[in-house]
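Novice: Just a sequence and a predicted model for now, questions to come.
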Amino acid sequence: MNIREYRYQFASFNFSFELARYRYHVGLQSELNSAEIYARHSDLFTPVALADLKSALDQTPSNFETERVGLQKLLDAAQLRYVEMQGGELTKELSQCESSIQIEWKGEKIPLEGFAVRFARELGNQRRELAVRRADSISICNELRINTLGLFREAARTLGFNSYSELEAGATNNMLDRTDHAAHSLLDQTESAYRSALAKIIAREFSVVQLKDLDFAHLAFLEAMPWRDNFLSEKNLHRSDTETMKGLGVSRQSNIHLDFEPRPSRKPTAACFPVNPPEDIRLAASAQRGAVNFLAFLRQAGRAQHYAWCSKDLAKSHPEFVYSPDLATSEGYGYLVSYLTLDPKWLLEFLPDIDGVQAVGISQDIAVHLALHVRRLCADALYGMRLHNADRLAPEQLQSAYIALYERSTSFCTLPGLFLLNFQDGLQAAGKLRALAFSFGLREYLRVRYGHRWWTSRRAGDELIDLWNTASRYSVEELARQIGFGELSFDLLADVVIKALNGA
């Protein structure tokens, strides 16, 4: 195998794939057309190619560390793509099924992707009715979801893995035993502070509802934080992002292309697409407004900076460090930026017309949002391992596990009909937990080194650029050790959540 040529074709595949994802997301094309891209690059992910990559890795001397790391990432990415290719038509059929779901409501037809934002802003009883309709609609695709799970499982086994989750965990550095322990520990440590802070918000926003009566309708409202929309608004978003980067000495680069254009089929969420880093990164804003989208855009903007500052030479010689299957590094920088909003000092600096009391109030609401996000990720990770490791678990058993995990993590009753929705999320949740742990470790490091208003320090910006320059060559665990704040700590993440909930 010519490894240099393989890397060139690997970069070409990812360029085409990310560009197609971007065009589909922002409404420039009606279908993703991933099958065509896989077909053009199918030789990259065949059993023969996987064997050649494994052979090249085995023959590379141990002192060629960077090359060995690169080959391992190439092999990991190729194995995951091989499994996705086996899904082929079934995956496409599932995507078409989900895209066709439209919930009829008040004379409108609400697509599944745009459901969450609309749902959160309905009145209580209407939210409940709308959620039930959604669960009923989702179930029509469940047979396809179950078949896709089985296909992924069998494809992973042909590669020598016991399950798809084992393959995914190895490729993304999300070790199953560590994930299981971290998720349970985070739930235990944050339980008391979360429930106490949640009770205060519920008493304020739902004066007649008790904690024990919370259900999925209240959860959607809480996650959207519509009562903070006036502060965390679209008009404040661009200034907040731009001025924060300017304070760090990281001006808006021409290689980050912003897309805010309203289009009928545009997806409602903010997203970052590393089309050809560092020359071409696409950053799509949300089609919806509001507090939760403010946070989502900042997170994607942080990821965009990571890709925009990666080394040109590294991207050319080792595209696998840019298109790494382990997204925790990129997500970590996203969380670093989005959770600047936890700091009242940052809010006072970038949100006009608020005082200190309001800044503290907003930061405490965002602390609850963070705690809920962390706890849902724990449930996603634990449920995902169960779902993808299960050979023949009956739907009733999976529904029971789903309800138990999500009701414990959120304190809100849920609907069993959602137990197969977003079944891939569980395998990505562990990476996001690692990303969060890294982001808050990095935040503490920057605070100690450059002060509590570290986002105003150009030296802090220089240090971040040095980190971004390495793309995803290093895992978040390796970066934590290299930077000097020690081992990646989920206990630190729990401590940050608890202190934020307590207003510290």
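Specialist: Received, thanks. Numbering: from 1, shown residues only.
Novice: show me what contacts residue 301?
Specialist: 241, 272, 283, 334, 337 (CB atoms under 8 Å, 6 or more residues apart in numbering). Where you see a C-beta, it was placed from the backbone N, CA and C, and this is true even at glycine.
Novice: typo on my end, residue 43
Specialist: Contacts for residue 43 (CB under 8 Å, 6+ apart) come out as 9, 49.
Novice: Include pLDDT and secondary structure when you put the contacts of residue 301 into TSV, please.
Specialist: As requested, the contacts of residue 301 are exported to TSV (pLDDT from 0 to 100; DSSP: H, G, I helix; E, B strand; the rest coil):
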residue	pLDDT	secondary structure
241	90	helix
272	97	strand
283	96	strand
334	98	helix
337	97	helix
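Novice: ok, residue 138 - contacts?
Specialist: Contacts for residue 138 (CB under 8 Å, 6+ apart) come out as 101, 112, 417, 418, 420, 421.
Novice: Now go through those and say which are in strands.
Specialist: If you go by DSSP state E, those have nothing in strands.
Novice: Closest one of the residues you listed to residue 188?
Specialist: Nearest to residue 188 out of the contacts of residue 138 is residue 418 (CB to CB; 24.7 Å).
Novice: Do you know the pLDDT at the closest one?
Specialist: On the pLDDT scale, residue 418 is placed at 82.
Novice: Please name the spatially closest residue to it (chain neighbours excluded).
Specialist: In space, and not counting its chain neighbours, residue 418 is closest to residue 135: 5.8 Å by CB to CB, 6 or more residues apart in numbering.
Novice: after the helix or strand where the one you found lies comes which helix or strand?
Specialist: Assigning secondary structure by DSSP states H and E places residue 135 in helix 124-138. Downstream of helix 124-138, the next assigned helix or strand under DSSP H and E is helix 142-158.
Novice: between that following helix and helix 124-138, how many degrees?
Specialist: Between helix 142-158 and helix 124-138, the angle comes out at 60 degrees (axes from the mean of the first three to the mean of the last three CA atoms, to 10 degrees).
Novice: In helix 142-158, which residues are buried?
Specialist: Neighbour counts over helix 142-158 (16 or more other CB atoms under 10 Å) mark 142, 144, 145, 148, 149, 151, 152, 153, 155, 156 as buried.
Novice: want to throw these into CSV with distance to residue 489 and pLDDT?
Specialist: Putting these into CSV (distance: CB to CB, whole Å; pLDDT from 0 to 100) gives the following:
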residue, distance to residue 489, pLDDT
142, 39, 85
144, 40, 88
145, 35, 87
148, 36, 88
149, 33, 86
151, 37, 90
152, 32, 89
153, 33, 89
155, 35, 93
156, 31, 93
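Novice: Pull the number of nearby residues for residue 343.
Specialist: 20 (other CB atoms under 10 Å).
Novice: That one and residue 88: what is the separation?
Specialist: Noted for residue 343: a distance of 47 Å to residue 88, by CB to CB, to the nearest Å.
Novice: and if you look at residue 478?
Specialist: Look at residue 478 and residue 88: by CB to CB, they are 35 Å apart.
Novice: what ranges do the helices span in the stretch 301-450 of the chain?
Specialist: Using DSSP state H, counting those that start in this stretch, the helices of the stretch 301-450 of the chain run over 312-317, 328-338, 344-350, 356-389, 395-410, 425-450.
Novice: I figured residue 133 hits residue 103, correct?
Specialist: Yes - counting by CB atoms under 8 Å, residue 103 is a contact partner of residue 133 at 5.2 Å.
Novice: More neighbours: these two, which one.
Specialist: residue 103 (20 against 15).
Novice: in a strand, that's where residue 275 is, yeah?
Specialist: Yes - the assignment for residue 275 by DSSP: H, G, I helix; E, B strand; the rest coil puts it in a strand.
Novice: OK, contacts around it?
Specialist: Contacts for residue 275 (CB under 8 Å, 6+ apart) come out as 15, 18, 19, 22, 281, 282.
Novice: Please report which of these has the highest neighbour count.
Specialist: Within the contacts of residue 275, most neighbours by other CB under 10 Å means residue 281, with 26 neighbours.
Novice: so that one, which of the three states?
Specialist: Three-state call for residue 281 (three-state DSSP): strand.
Novice: Hmm, it is touching residue 255, no?
Specialist: Yes - using CB under 8 Å, residue 281 is in contact with residue 255, at 6.0 Å.
Novice: Now for these two: what residues contact both?
Specialist: Common neighbours of residue 281 and residue 255 are listed as residue 308 (criterion: CB under 8 Å, 6+ apart).
Novice: and the longest helix for the protein?
Specialist: helix 65-100 (DSSP state H).
Novice: Quickly note the distance from the residue nearest to residue 418 to residue 415.
Specialist: Applying CB to CB, the value for residue 135 to residue 415 is 5 Å.
Novice: Please apply the same query to residue 18.
Specialist: Taking CB to CB, one finds residue 18 at 34 Å from residue 415.
Novice: Nearest approach to residue 496 belongs to which of the helices of the stretch 301-450 of the chain?
Specialist: Taking CB to CB, helix 425-450 is the member of the helices of the stretch 301-450 of the chain nearest to residue 496, at 4.7 Å.
Novice: Could you pull out the buried residues of the very next helix or strand once past that closest one?
Specialist: Along the chain past helix 425-450, the next helix or strand (assigned with DSSP H and E) turns out to be helix 458-468. For helix 458-468, the neighbour count (16+ other CB under 10 Å) marks 460, 461, 463, 464, 467, 468 as buried.
Novice: Who are the packing partners of helix 458-468?
Specialist: In terms of contacts (3 or more CB pairs under 8 Å, 6 or more residues apart in numbering; DSSP states H and E), helix 458-468 is packed against helix 234-247, helix 291-308, helix 328-338, helix 425-450.
Novice: hang on, the earlier thing: which of the helices of the stretch 301-450 of the chain sits closest to residue 184?
Specialist: Closest to residue 184 of the helices of the stretch 301-450 of the chain, according to CB to CB: helix 356-389, at 7.5 Å.
Novice: quick one: buried residues of that closest one?
Specialist: Neighbour counts over helix 356-389 (16+ other CB under 10 Å) mark 358-359, 361-388 as buried.
Novice: Assess the claim that residue 239 and residue 298 are in contact.
Specialist: No - taking contacts as CB under 8 Å, residue 239 lies outside contact range of residue 298: 12.0 Å.
Novice: Neighbour count: those two, which is higher?
Specialist: Using other CB under 10 Å, the more surrounded residue of residue 239 and residue 298 is residue 298, with 23 against 12.
Novice: The spatially closest residue to the more buried one that is not a sequence neighbour: what's it in contact with?
Specialist: Closest residue to residue 298 apart from its sequence neighbours, by CB to CB, 6+ apart: residue 338 at 4.1 Å. Residues near residue 338 by CB under 8 Å, 6+ apart: 295, 296, 298, 299, 302.
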